[in-house]
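Undergrad: okay, predicted coordinates and the sequence, questions at the end:
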Amino acid sequence: MPLQDWNPGLYQSDHSFVWRFGEDLVDLLDPRPGQRILDVGCGTGQLTEAIARRGAGVIGIDSSRNMIDEARRNNPQLDFRLEDATNFSLDQPVDAVFSNAALHWIRPPRDAARCMARALRVGGRLVVEFGGYGNVRAIVDALHSAVRHLRLDDSIMPEAKYFPSIAEYAGVLQEVGLEVRSALLFDRPTPLKSGKDGLRGWLRMFYSMVLDRLPPDQCEALLDNVEQRLNPILWRDDHWIADYRRLRIVAVRMAPDDATNGK
């Protein structure tokens, strides 16, 4: 299955809610002058820039060249790097690692957690939010059902994204030497772009790896079928609602002697 091919323009315009909802996560992070912070899965860099405005030194990393190129255009004064979140290292540890709406795309999750833990100084904090258990379940179920109903090749469907429970992800973090201080799994029903094409736009953004593999007639049939299935539950007045659930975690890097398995 090919990797997700990100469209930075659509991400910043029609799907700006992804980073706008992360603005209060920056408040939770509470970046301060003199601190060094790593933004994992920085996308087009809006939240990286918000961290920098608080006076902290910040590095943004992302595995998408399209996203990193756009981030550099948006904020050429900041340090953006093309990196794999499961296999990166820094020259010096940072005071905090931050990530918004990215970790559910990254596998294996333990490799990403291990790299983030190693990037932190002892006592440094991890502040992350991403898709949690049950995230966009109705949309994903409708997409699978539509593929079966239309007798399409089910190999077009990508590997399921990583939407863990609190207990599951807390265990992952503990294994790499991070102690969870707070965790919250919550519903965030999210309005999509106004109008009947809002759901289609969302699918074209986040499931392009499926739609781009289909000829135009099959793609339209698939989108029609998904809309029919979701209309009774996710259509409100004049727009679609995405059934988001988010997992928000704050953790701290323990000293090696305190870590259960932090090597």
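TA: That came through, no problem.
Undergrad: got the buried residues for the helix ranked longest in the chain?
TA: Looking only at the chain and at elements set by DSSP state H, the helix with the highest residue count is helix 216-234. Of the residues in helix 216-234, those scored as buried under the neighbour-count criterion (16 or more other Cβ atoms under 10 Å) are Cys219, Ala221, Leu222, Leu223, Asn225, Val226, Glu227, Arg229, Leu230, Leu234. In short, each C-beta sits where N, CA and C put it, glycine included.
Undergrad: dump those residues to CSV, plus distance to Tyr169.
TA: Converted to CSV, the buried residues of helix 216-234 look like this (distance: Cβ to Cβ, whole Å):
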residue, distance to Tyr169
Cys219, 34
Ala221, 37
Leu222, 32
Leu223, 32
Asn225, 33
Val226, 29
Glu227, 32
Arg229, 30
Leu230, 28
Leu234, 26
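Undergrad: okay if I get those as CSV plus pLDDT and distance to Val122?
TA: Output for the buried residues of helix 216-234, formatted as CSV (pLDDT from 0 to 100; distance: Cβ to Cβ, whole Å):
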residue, pLDDT, distance to Val122
Cys219, 96, 51
Ala221, 97, 55
Leu222, 97, 50
Leu223, 97, 50
Asn225, 98, 52
Val226, 98, 48
Glu227, 97, 51
Arg229, 98, 50
Leu230, 98, 47
Leu234, 97, 45
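Undergrad: okay, and for the protein, where does confidence drop off?
TA: Per-residue confidence for the chain (pLDDT under 70) gives these ranges: 1-22, 257-263.
Undergrad: what residues does Leu120 make contact with?
TA: By Cβ atoms under 8 Å, 6 or more residues apart in numbering, the contact set of Leu120 is Pro93, Val94, Asp95, Ala96, Val97, Leu126, Leu178, Arg253.
Undergrad: can you say which of those are buried?
TA: Applying 16+ other Cβ under 10 Å to the contacts of Leu120, the neighbour count classes Val94, Asp95, Ala96, Val97, Leu126, Leu178, Arg253 as buried.
Undergrad: filter these down to just the ones in helices.
TA: Filtering the buried ones among the contacts of Leu120 for helices - DSSP H - leaves nothing at all.
Undergrad: in JSON lines: those, plus distance to Leu103.
TA: Formatted as JSON lines, the entries for these read as follows, by distance: Cβ to Cβ, whole Å:
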{"residue": "Val94", "distance to Leu103": "17"}
{"residue": "Asp95", "distance to Leu103": "20"}
{"residue": "Ala96", "distance to Leu103": "15"}
{"residue": "Val97", "distance to Leu103": "11"}
{"residue": "Leu126", "distance to Leu103": "11"}
{"residue": "Leu178", "distance to Leu103": "13"}
{"residue": "Arg253", "distance to Leu103": "17"}
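Undergrad: which of the residues you listed fall in strands?
TA: Secondary structure defined by DSSP state E assigns Val94, Asp95, Ala96, Val97, Leu126, Leu178, Arg253 of the buried ones among the contacts of Leu120 to strands.
Undergrad: apart from its neighbours in sequence, what residue is nearest the second one?
TA: Nearest non-adjacent residue to Asp95, counting by Cβ to Cβ, 6 or more residues apart in numbering: Gln35, 4.3 Å away.
Undergrad: what about Arg107, how many residues close to it?
TA: Counted with other Cβ atoms under 10 Å, the neighbours of Arg107 add up to 15.
Undergrad: who touches it in this structure?
TA: If a contact means Cβ under 8 Å, 6+ apart, then Arg107 has Thr86, Glu159, Tyr162 as its contacts.
Undergrad: just give me the neighbour total for the first one.
TA: The number of residues packed around Thr86, counting by other Cβ under 10 Å, is 17.
Undergrad: so what's Arg36 up against?
TA: Ala56, Gly57, Val58, Ile59, Gln92, Val94, Asp95, Ala96 are the contacts of Arg36 under Cβ under 8 Å, 6+ apart.
Undergrad: now, which of those residues sits nearest Ile106?
TA: Top of the list for closeness to Ile106, among the contacts of Arg36 and by Cβ to Cβ, is Ile59 at 16.9 Å.
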